[in-house]
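Engineer: Below: sequence and its predicted model.
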Amino acid sequence: MKKVIQLVLLITIFISIYLFYFIYFKDNKELKVNKKEFDTVELNQDNNNSIQNLEYEVNIDEKNYYRLISKSSEVIYEDNVEFLKMEIVEGTFINDANIYITIKSNTAIYNIKNHRTNFKEDVKVEYLDNSISGENLILDFEEQKISIFDNIEYNGTKGKLFADKINIDLITKNVDILMDKPSKNVVVNVKK
């Protein structure tokens, strides 16, 4: 009888170890990431990773947050800093559940440490009742601004304009329209 009890206990221990391993240590083939507070969670992988349908949310303050969505992404490492190389990207700024800036592009590079995002290739920005298109956009949370450059076309309620660079201040919501050379002028086509 004693040997039967020992055998049952031994089998129970092996089953418990197997279940514990299977539940907590077995690699899952499907990886889903949804981060609410970016600063508190880090990806700790030594190899590059592909992620499908990635969504990040970065809390700016109590009422404002930034959501970044990509169809496919890859985690890459440069100088011990993690970056996300993304394709088919959409970034939105949301205030009290209302979207006030939307950025879309074909590709983007996202710095996980400081949230700086470089949108590239067919960049489109919807800002209030305006739309801006260009080839490059840098979203910088440290400077709290958006810089759009290369082949810019600005479509507003009053007309169109063409410029070399547009800066949007994320705090004041002011827009600066600039040319690279002082001798060049911003081209404006006013609607009548």
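Structural biologist: Cool, the structure landed.
Engineer: okay, CA-based contacts and neighbour counts for the rest of this
Structural biologist: OK.
Engineer: Hmm, Ser73 is touching Phe83, no?
Structural biologist: No: using Cα atoms under 8 Å, Ser73 is not in contact with Phe83, being 9.8 Å away.
Engineer: The two - which one has more neighbours?
Structural biologist: Neighbours were counted for Ser73 and for Phe83 using other Cα atoms under 10 Å; Ser73 has more, 24 against 20.
Engineer: helices and strands of this protein: which one has the lowest mean pLDDT?
Structural biologist: strand 34-35 (a mean of 38; mean pLDDT, DSSP states H and E).
Engineer: Now do the phi/psi pair for Ile88.
Structural biologist: phi 50, psi 80 (degrees, to the nearest 10).
Engineer: since we're on the nearest residue to it once chain neighbours are set aside, how many residues are nearby?
Structural biologist: Excluding the flanking residues, the one nearest Ile88 by Cα to Cα, 6 or more residues apart in numbering is Asn106, at 4.5 Å. Close neighbours of Asn106, defined as other Cα under 10 Å, add up to 18.
Engineer: now the helices for the protein?
Structural biologist: 2-24 (DSSP state H).
Engineer: need the contact list for the most centrally placed residue in it.
Structural biologist: Centroid-nearest residue in the chain: Leu68, 3.4 Å away (criterion: Cα atoms, centre = their mean). Contacts for Leu68 (Cα atoms under 8 Å, 6 or more residues apart in numbering) come out as 55-57, 89-92.
Engineer: That'll do, ta.
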